[in-house]
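Asker: missing the sequence, but the structure's below:
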């Protein structure tokens with residue numbers, strides 16, 4: 001495209017119109033995606049009935065679950081486990097990532113262990129934790145924390161390596177104490193990485209909590225899903241899963257998304 005075409009008044013006007021229509025285009029794309037998913041679901045419910053329940057039956061089952069006290073009891077039990085695993089994995093993973101990223105000796109020692117931990121499938125942690133600690137709360141908590149920590153540590157470690165080294169040199173020139181360097185120089189650079197790690201930790205935690213509950217817990221959303229599956233009540237399986245996924249997405253995008261926007265407001 002020539003420069004004259006770019007400098008024409010109509011070109012800027014067209015670009016402005018396209019930018020103004022972006023929210024509408026995004027809504028249209030989301031509507032098409034949701035419509036396509038519902039269409040595929042409806043077709044599968046016809047050809048794979050009763051294993052795939054139809055949309056109307058699932059909506060009715062969702063309404064019944066939302067009005068059931070037992071569902072909310074299981075939901076809050078699961079939510080407590082998710083928040084506990086999320087907090088523990090975020091703190092431990094961030095600390096481990098900082099230590100590995102700042103110390104060459106620690107990285108030389110932990111790098112093979114970190115690579116191995118990242119390669120191990122998450123259900124393996126759950127199975128070994130249940131074998132070692134039984135089916136109580138401790139086994140699930142340890143399995144979830146150990147499964148999520150390597151991912152958080154790897155994200156933080158990578159961003160510690162990618163930090164602005166000139167700021168470290170400036171801190172050395174002014175002989176700033178290590179605590180000041182950590183709080184005033186390093187941590188602000190790692191805020192985007194820490195927020196990314198938190199969102200990843202939350203997303204992985206609630207998925208793994210459901211698996212832990214389905215395998216070895218007598219209560220919670222995962223246990224409710226597995227109990228309905230054993231009785232071949234596929235409508236309830238789909239209803240419980242959909243409600244839980246929607247609520248977790250709202251928490252992730254609503255709560256964590258607002259925290260992220262507030263802490264990264266300076267970028268705007």
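Answerer: Everything's here; your move. Bear in mind the structure is a predicted one, so any value in this text is a computation, not a measurement.

Asker: could you check the distance from the residue nearest to residue 167 when sequence neighbours are not counted over to residue 191?
Answerer: Closest residue to residue 167 apart from its sequence neighbours, by C-beta to C-beta, 6 or more residues apart in numbering: residue 185 at 5.2 Å. Glycine gets a C-beta too; all of them are placed from N, C-alpha and C. Note on residue 185: its distance to residue 191, by C-beta to C-beta, to the nearest Å, is 12 Å.

Asker: domain parsing for the protein?
Answerer: The chain breaks down by automatic domain parsing into domains covering 15-50, 55-267.

Asker: Give me the buried positions along the first one.
Answerer: Neighbour-count burial for domain 15-50, with 16 or more other C-beta atoms under 10 Å as criterion, is recorded at residue 45.

Asker: Repeat that for stretch 96-107.
Answerer: Quick answer for stretch 96-107 (16+ other C-beta under 10 Å): 96, 97, 98, 99, 100, 101, 107.

Asker: Might you calculate how far that stretch sits from the centre of the chain?
Answerer: 24 Å (C-alpha atoms, centre = their mean, to the nearest Å).

Asker: How about the spatially most central residue of the chain, nearest residue that isn't a chain neighbour?
Answerer: Centroid-nearest residue in the chain: residue 203, 2.0 Å away (criterion: C-alpha atoms, centre = their mean). Spatial nearest neighbour of residue 203, excluding adjacent residues (C-beta to C-beta, 6+ apart): residue 252 at 6.2 Å.

Asker: how close does that neighbour get to residue 130?
Answerer: 27 Å.

Asker: Tell me which of these two has more neighbours.
Answerer: residue 130 (19 against 15; other C-beta atoms under 10 Å).

Asker: from memory the more buried one sits against residue 139, does it?
Answerer: Yes. Applying C-beta atoms under 8 Å, one finds residue 130 in contact with residue 139, separated by 5.1 Å.

Asker: Now the common contact residues for these two.
Answerer: residue 216 (C-beta atoms under 8 Å, 6 or more residues apart in numbering).

Asker: Could you list the low-pLDDT ranges of the stretch 151-268 of the chain?
Answerer: Applying pLDDT under 70 to the stretch 151-268 of the chain flags the ranges 168, 171, 174-176, 183, 263-268.

Asker: what comes into contact with stretch 36-45?
Answerer: Contacts of stretch 36-45 with the rest of the structure, by C-beta under 8 Å, 6+ apart, involve 52, 53, 54, 55.

Asker: For the helix or strand encompassing residue 43, give the mean pLDDT please.
Answerer: Element membership for residue 43 (DSSP states H and E) is helix 22-47. For helix 22-47, mean pLDDT is 83.

Asker: Just list what the helix or strand that that helix is followed by packs against, helices and strands only.
Answerer: Remark: after helix 22-47, the chain's next helix or strand is helix 55-66, criterion DSSP H and E. For helix 55-66, the packing partners by 3 or more C-beta pairs under 8 Å, 6 or more residues apart in numbering; DSSP states H and E come out as helix 22-47, helix 234-251.

Asker: Pull the distance from the first one to the chain's centre.
Answerer: It stands for helix 22-47. With C-alpha atoms, centre = their mean, you get 23 Å for helix 22-47.

Asker: what's the angle between that helix and helix 234-251?
Answerer: 160 degrees (axes from the mean of the first three to the mean of the last three C-alpha atoms, to 10 degrees).

Asker: orientation of helix 22-47 relative to helix 55-66 in degrees?
Answerer: Using the same axes, to 10 degrees, the direction of helix 22-47 lies 100 degrees away from that of helix 55-66.
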